[in-house]
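> Fold the following, please.
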Amino acid sequence: MEVLGIDVGFGFTKAINNKKSVIFKSVIGDSTDIQFKSNLGEKSSSSNLHVTIGDRAFFIGNFAEQQSNVRQYTLDQDKLMSDFLKVLALTATGICCDDTASINVVSGLPVGYLKQDYKRFTEIISGHHNVTFHRQDGEDITKSIYIHKVQMMPQPVGSIFNLLMDEKGNIINKDLSHQKIGVVDIGFRTTDFTIFDNLHYIERGSVTMDTGISKSFGIIANKLRQESGVTIELYRLYKAVETGYIKIKGKEFNISNLRDRVYAHSASALAGDINRLWSEEWDIDAIILTGGGSVELAKHLEPLIDGNVLPIDKNTDARLNNVKGYMKFGKYKWGSDLTATGGPDLTPKDLPSETEKNDDSNGTSGAADPKINGNDPKAQKNLKWLKKQG
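Here you go, the predicted model:
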């Protein structure tokens with residue numbers, strides 16, 4: 001049995017287990033016949049993603065952006081769940097896992113959507129799935145995946161577990177486990193605010209706001225449209241925003257000053273939200289900035305926040321903080337159930353059909369008491385709340 005952390009975001013889809021990690025844009029496109037295929041260019045596991053799930057074929061991520069005639073991305077939560085979640089989550093799962101795999105998944109949802117969508121999320125991805133990857137060399141590889149148990153949690157909690165635990169799910173940061181921590185998770189569409197006090201999730205002060213980095217991208221895209229007459233999709237702005245330059249119809253536009261002004265304005269508004277929301281939480285020991293948007297906004301945001309803001313580690317990809325924490329918590333939760341060889345050897349005939357879903361009324365499919373492995377007993381006790389979360 002493998003443990004996989006998955007995060008299907010509006011901007012990027014991320015997944016990680018002990019073997020691999022993957023990140024790609026949450027863009028889906030129609031598949032089409034490509035008459036000429038070269039062996040040049042990017043050759044990572046997330047490049048040239050062409051998959052078949054069920055009876056439909058898709059191009060995914062950058063490949064969809066480059067090759068598809070019809071491309072889809074969304075900033076709508078309901079549409080993400082209904083039209084994108086299954087395809088993106090199973091694509092990421094197939095990249096990380098073996099040809100035949102039985103998997104326990106840990107994932108998260110924005111704080112404001114956890115209660116309404118945790119069961120729907122679990123039902124969509126649970127069970128038996130076949131995912132076929134069509135490689136550039138013409139070879140097709142079909143992976144038979146059985147998602148056995150699913151644990152959902154508030155999305156930003158993953159970043160806490162990433163700091164709290166090692167790769168085996170052992171609690172190693174004892175100081176953090178006894179502190180009151182505020183987490184600001186800046187994503188593409190949403191920003192999540194969460195408070196963790198002695199490893200207890202605090203509902204007061206934990207909310208979702210529609211203040212993700214996409215709002216900044218939208219302002220930049222609108223300005224470029226005014227200057228060039230071209231409407232640029234938000235998911236095509238990542239490189240331009242990073243470098244400060246973009247070419248449109250052969251003309252180069254320097255957007256670095258515009259970007260910095262927009263980021264400064266966004267950071268000011270976000271800091272105001274944080275300071276108002278947590279005005280009575282004066283005993284917070286530290287505030288963690290996480291999520292892909294945190295890197296861009298950090299230098300503008302940190303000086304404006306009232307409190308002790310922990311510096312962002314520039315040697316890590318902040319987009320993976322939550323998903324790494326999901327995987328570590330999965331090791332903590334199910335470690336005693338996982339054999340040294342990776343779990344039982346399940347063949348397709350042994351696997352339940354896709355309609356045989358896990359059914360758990362408390363929102364944590366297959367929930368079990370956390371693993372006791374020599375960790376802080378108080379921390380062990382405090383984490384038991386999560387098995388009932390959702």
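
> Report pLDDT for Ile312.
The model reports Ile312 with a pLDDT of 83.

> roughly how far apart are it and Glu281?
Distance, Ile312 to Glu281, using Cβ to Cβ, to the nearest Å: 21 Å. The C-beta positions use only the backbone N, C-alpha and C, and glycine is treated the same way.

> Give me the residues contacting the helix or strand hosting Thr13.
Element membership for Thr13, per DSSP states H and E: strand 12-16. Applying Cβ atoms under 8 Å, 6 or more residues apart in numbering, the contact partners of strand 12-16 are 4-7, 21-26, 61, 88-89, 91-93, 95-96, 188, 292, 319-320, 322-324, 326-327.

> hmm, 6 Å instead?
5-7, 22-26, 88, 92, 96, 319-320, 323-324, 327 (Cβ atoms under 6 Å, 6 or more residues apart in numbering).

> Show me how far that strand is from its chain's centre.
5 Å (Cα atoms, centre = their mean, to the nearest Å).

> Direction included, what does that strand pair against?
strand 2-8 (antiparallel), strand 21-25 (antiparallel) (DSSP bridges).

> Counting neighbours, what do you get for the nearest residue to Ile172 once chain neighbours are set aside?
Setting aside the residues directly before and after it, Ile172 is nearest to Asp166 in space (Cβ to Cβ, 6 or more residues apart in numbering), at 5.0 Å. By other Cβ atoms under 10 Å, the residues close to Asp166 number 12.

> Lys324 is in contact with Asp166, correct?
No - at 10.9 Å, Asp166 and Lys324 do not qualify as touching, with contact defined as Cβ atoms under 6 Å.

> ok now do the residue nearest the centre of the chain, which residues does it touch?
Nearest residue to the geometric centre of the chain (Cα atoms, centre = their mean): Asp7, 2.7 Å. Applying Cβ under 6 Å, 6+ apart, we find Asp7 in contact with 14, 322-323.

> Val70 too?
Here Val70 is in contact with Asp30 (criterion: Cβ under 6 Å, 6+ apart).

> Give the helix, strand or coil label for Thr194.
Using DSSP: H, G, I helix; E, B strand; the rest coil, the secondary structure recorded for Thr194 is strand.

> Around it, how many other residues sit close by?
25.

> just for this protein, where's the confidence low?
Residue ranges of the chain with pLDDT under 70: 35-46, 336-390.

> Give me the contact list for the longest helix that the chain contains.
Among the segments of the chain that qualify as a helix by DSSP state H, the longest is helix 256-277. For helix 256-277, the external contacting residues (Cβ under 6 Å, 6+ apart) are 193, 211, 216, 219, 223, 241, 244, 296-297, 300-301, 304-306.

> Most widely separated two among those?
Greatest spacing in the contacts of helix 256-277, by Cβ to Cβ: Lys223 and Asp306 (31.5 Å).

> how about the strands in the stretch 101-250 of the chain?
Using DSSP state E, counting those that start in this stretch, the strands of the stretch 101-250 of the chain run over residues 127-134, 140-154, 180-186, 191-197, 200-209, 245-248.

> Show me which residues of the fifth one are buried.
By that I understand strand 200-209. Under the neighbour-count criterion of 16 or more other Cβ atoms under 10 Å, strand 200-209 has 201, 205-206, 208-209 buried.

> and stretch 143-162, how far from the chain's centre?
On the basis of Cα atoms, centre = their mean, stretch 143-162 sits 10 Å off its chain's mean C-alpha point.

> I should have written stretch 132-152 there, sorry.
Counting by Cα atoms, centre = their mean, stretch 132-152 comes out at 19 Å from the chain centroid.

> same check, this time on stretch 190-207
18 Å.

> Do me a favour and get the end-to-end distance for it?
Start and end residues of stretch 190-207 are separated by 10 Å (Cα to Cα, to the nearest Å).

> And for that stretch, what's in contact with it?
Outside stretch 190-207, the residues that touch it by Cβ under 6 Å, 6+ apart are 110-111, 154-156, 160, 177-178, 180-185, 208-209, 211-212, 277-278, 281, 379, 382-383.

> What of stretch 92-111?
Here stretch 92-111 has contacts from 1-6, 13, 15, 17, 20, 22, 45, 117, 131, 143-151, 153-155, 158, 190, 192, 206-208, 326, 329-330, 334, 343, 346, using Cβ under 6 Å, 6+ apart.
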